[in-house]
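> need a structure here:
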Amino acid sequence: MQHIEETILSVLNQSYDNVEYLIIDGGSSDGTCNLIAKYEHAVDYWISTSDDGIFHAMNKGIDLANGNWINFMNSGDQFYDRTTIKNIVSAYSINNVQILYGHHGVLYPSGKKRIIKAGPLENLWRGSQFCHQSSFVDSSYLKKNKFKLSAKNAADFQFFYEAKVNNVKFMKVNEVVAQFRSGGVSDIDRINVILSWWSVIDKSIIKNFFYFYLIIKETLKKLPIISIILNKFR
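Here you go, the predicted structure:
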């Protein structure tokens, strides 16, 4: 329930008003439904039923969506600015584009905010170059290519990677699209996320070496003995 109201208001306060807003809740019993009901006059449709995780819930939203483009905001996520959607719609020609993506911001517990620039599409084999919150996907394409639940926490990465392999048309926009708080799965369970990326990509000696390096790097970060040794020799 924490921070979900921020997400709802972020969508409802967008200056671009041609937005269909769907909320998919996983059968919460913590008061979330009461909070959603507070805004149901401005929400096009919402449900609260049990699901098999975030990507199962997102697939439910895909089935229900009627708009031309779909963006996913998880609880606590926000559009970076109230003019975000309007800026993109007015500044970019998106004809024949299936996936549009941009930058995102990360908010830390200290209150510090960091902007993460979206990476080049050719580096997608190295792992996520943008987050799903900072992307808009053509709904007709999504309805035919929903998230594969077998990929677990890498289902969004697998979706974008396979789209690139299949020569789907991407467009990168110079816009900070979304903002979310640090401490998500990608931060806490970093090694498993990297392993999930590795399981998705096409394999080669160079790519395998790169992922092996990433895992070693993350593993070393978790070893307190490294800190002790460094402190001893200062």
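> In the biggest helix by length in the chain, which residues are buried?
Determined from DSSP state H, the single longest helix within the chain is helix 205-221. Neighbour-count burial for helix 205-221, counted by 16 or more other CB atoms under 10 Å, picks out 211, 214. In short, each C-beta sits where N, CA and C put it, glycine included.
> next one: stretch 164-182
Of all the residues in stretch 164-182, those buried under the rule 16+ other CB under 10 Å are 168, 170-173, 175-181.
> With adjacent residues omitted, what lies nearest to the residue nearest the centre of the chain?
Taking CA atoms, centre = their mean, the centroid of the chain lies closest to H132, which sits 2.8 Å from it. Distance criterion CB to CB, 6 or more residues apart in numbering; nearest residue to H132, sequence neighbours excluded, is D156 at 4.3 Å.
> Pull the contacting residues for that neighbour.
55, 128, 131-132, 147 (CB atoms under 8 Å, 6 or more residues apart in numbering).
> V200 now?
By CB under 8 Å, 6+ apart, the contact set of V200 is 151, 154, 157-158, 161.
> Likewise for E20?
By CB under 8 Å, 6+ apart, the neighbours of E20 are 44, 65-67.
> now swap in M171 and tell me
Contacts of M171 were listed using CB under 8 Å, 6+ apart, and they are 92, 94, 97, 99-101.
> mind listing the strands for the chain?
For the chain, strands defined by DSSP state E occupy the ranges 22-25, 45-48, 69-70, 78-79, 99-107, 113-116, 135-138, 170-181.
> Save the buried residues of stretch 164-182 as TSV, and put in distance to E6 too.
Below are those laid out as TSV (distance: CB to CB, whole Å):
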residue	distance to E6
V168	32
F170	29
M171	28
K172	27
V173	23
E175	20
V176	17
V177	16
A178	12
Q179	10
F180	10
R181	9
